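1. pasting the structure only:
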């Protein structure tokens, strides 16, 4: 389902490398609410002092993921003032290659959250052309983040930024869907929403409040009033315990060409999920159908 790849927020180049994914944090968590005049860049943008908050150095946190993927997070370490001064003296000097220091991670990073916030790391320059890397974690979770290999979908689904890979994303109630490469993610109006410049998908999970109703009966309720009136633009597929139904159309009231796709999956009595996709390119109908077919439900154990 890859395609429509995102661009780097730093340089604008297409993010086509699926083996290394770079995501950056613009500010330390504690500095997000500080006024602009309280933030002082010390020459290089990677060195920051925030009045009343602390001193910070931007570093790289490498995380190994499954599927032979590496996630490299641009994070901030909170450091002592003398460490910031030393880094400033060496940053654009030959001595930068030997720079090493300790600091405390200045972010809550999902899925690790509070277990990483404030955790101490050692950072060291590995390549004079790059920021320092976090190389040693001095708390149990900090050490694990650097040493373990983490499930790619579990980690990447926590980041709302555009990604260069498809990511299976949990929806709650034992449901998941594949979020396509190049789409941002957010939860709004009761739906998980994924969006790009020319296509989008919104996914909603439904619970049937009528005990004993069949999947077919629940689907009929979900389709009540739907503009499903073109048989040639309809798909019905049977599942082992239920069915899925989709239809698509091209409204003429938006001022520009836009295609809409509606798909429902009812895998068993009592539960269902629906996806609403929009796209500008008619060829992206195949993409919308893939999103619909990627809806998956795991029966509770």
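-> Received, thanks. This structure is a prediction, so every number in the text was calculated from the model and none was measured. Numbering: from 1, shown residues only.
2. Do you have the helices of the protein handy? List them.
-> 81-90, 140-147, 152-156, 215-222, 285-294 (DSSP state H).
3. Break the chain down into its domains, please.
-> Annotated domains of the chain cover 20-152, 166-297 [automatic domain parsing].
4. okay if I get the ones you listed as a markdown table plus mean pLDDT, distance to residue 159 and mean neighbour count?
-> Using the backbone N, CA and C atoms, a C-beta is placed for each residue, glycine as well. Formatted as a markdown table, those follow (pLDDT from 0 to 100; distance: least, C-beta to C-beta, whole Å; neighbours: other C-beta atoms under 10 Å):
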| stretch | mean pLDDT | distance to residue 159 | mean neighbour count |
| --- | --- | --- | --- |
| domain 20-152 | 96 | 6 | 16 |
| domain 166-297 | 95 | 8 | 16 |
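5. mind giving me CSV with these and columns for distance to residue 158?
-> Output for the domains of the chain, formatted as CSV (distance: least, C-beta to C-beta, whole Å):
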stretch, distance to residue 158
domain 20-152, 4
domain 166-297, 9
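6. Which one of the helices of the chain lies nearest to residue 120?
-> helix 140-147 (6.9 Å; C-beta to C-beta).
7. Tell me which other helices or strands that closest one touches.
-> strand 54-65, strand 133-137 (3 or more C-beta pairs under 8 Å, 6 or more residues apart in numbering; DSSP states H and E).
8. try 10 Å
-> Contacts defined by 3 or more C-beta pairs under 10 Å, 6 or more residues apart in numbering; DSSP states H and E place helix 140-147 against strand 54-65, strand 100-105, strand 120-124, strand 133-137.
9. now the angle from that helix to strand 54-65?
-> Angle, helix 140-147 to strand 54-65, by axes from the mean of the first three to the mean of the last three C-alpha atoms, to 10 degrees: 50 degrees.
10. tilt between helix 140-147 and strand 120-124?
-> In terms of direction (the same axes, to 10 degrees), helix 140-147 departs from strand 120-124 by 30 degrees.
11. so residue 218 touches residue 210, yeah?
-> Yes - contact criterion C-beta atoms under 10 Å: residue 218 and residue 210 qualify, at 7.8 Å.
12. what residues do the two have in common as contacts?
-> Shared contacts of residue 218 and residue 210 (C-beta atoms under 10 Å, 6 or more residues apart in numbering): 269, 270.
13. what's the nearest residue to the residue most central in space within the chain if we skip its chain neighbours?
-> Among the residues of the chain, the one closest to the centroid is residue 159, at 2.8 Å (C-alpha atoms, centre = their mean). Sequence neighbours aside, residue 23 is the residue nearest to residue 159 in space, at 5.8 Å (criterion: C-beta to C-beta, 6 or more residues apart in numbering).
14. and that neighbour, what is it in contact with?
-> 9, 61, 71-75, 109, 156, 159-163.
15. Return the closest of those with respect to residue 224.
-> Nearest member of the contacts of residue 23 to residue 224, counting by C-beta to C-beta, is residue 160, at 32.9 Å.
16. you'd agree the closest one is up against residue 185?
-> Yes - at 4.5 Å, residue 160 and residue 185 qualify as touching, with contact defined as C-beta under 10 Å.
17. what do these two both touch?
-> With contacts taken as C-beta under 10 Å, 6+ apart, residue 160 and residue 185 have 179, 194 as neighbours in common.
18. Model confidence for the residue nearest to the centre of the chain, exactly?
-> With respect to pLDDT, residue 159 scores 96.
19. Could you check how far it is from residue 45?
-> Residue 159 sits 22 Å away from residue 45, going by C-beta to C-beta, to the nearest Å.
20. which residues in the stretch 151-300 of the chain form strands?
-> Secondary structure of the stretch 151-300 of the chain, counting by DSSP state E, counting those that start in this stretch: strands at 167-172, 175-179, 184-188, 191-195, 199-207, 234-238, 243-249, 259-268, 271-279, 296-297.
21. Would you tell me which of those strands gets closest to residue 92?
-> strand 184-188 (35.0 Å).
22. Phi, psi for residue 181 please.
-> In terms of degrees, to the nearest 10, the main-chain angles of residue 181 are phi -60, psi 140.
23. same thing with residue 27?
-> Torsion angles, degrees, to the nearest 10, at residue 27: phi -140, psi 150.
24. For it, which non-adjacent residue is closest in space?
-> Once flanking residues are discounted, residue 27 sits nearest to residue 76: 7.2 Å by C-beta to C-beta, 6+ apart.
25. How about residue 244?
-> residue 265 is the one closest to residue 244 (C-beta to C-beta, 6+ apart), at 4.2 Å.
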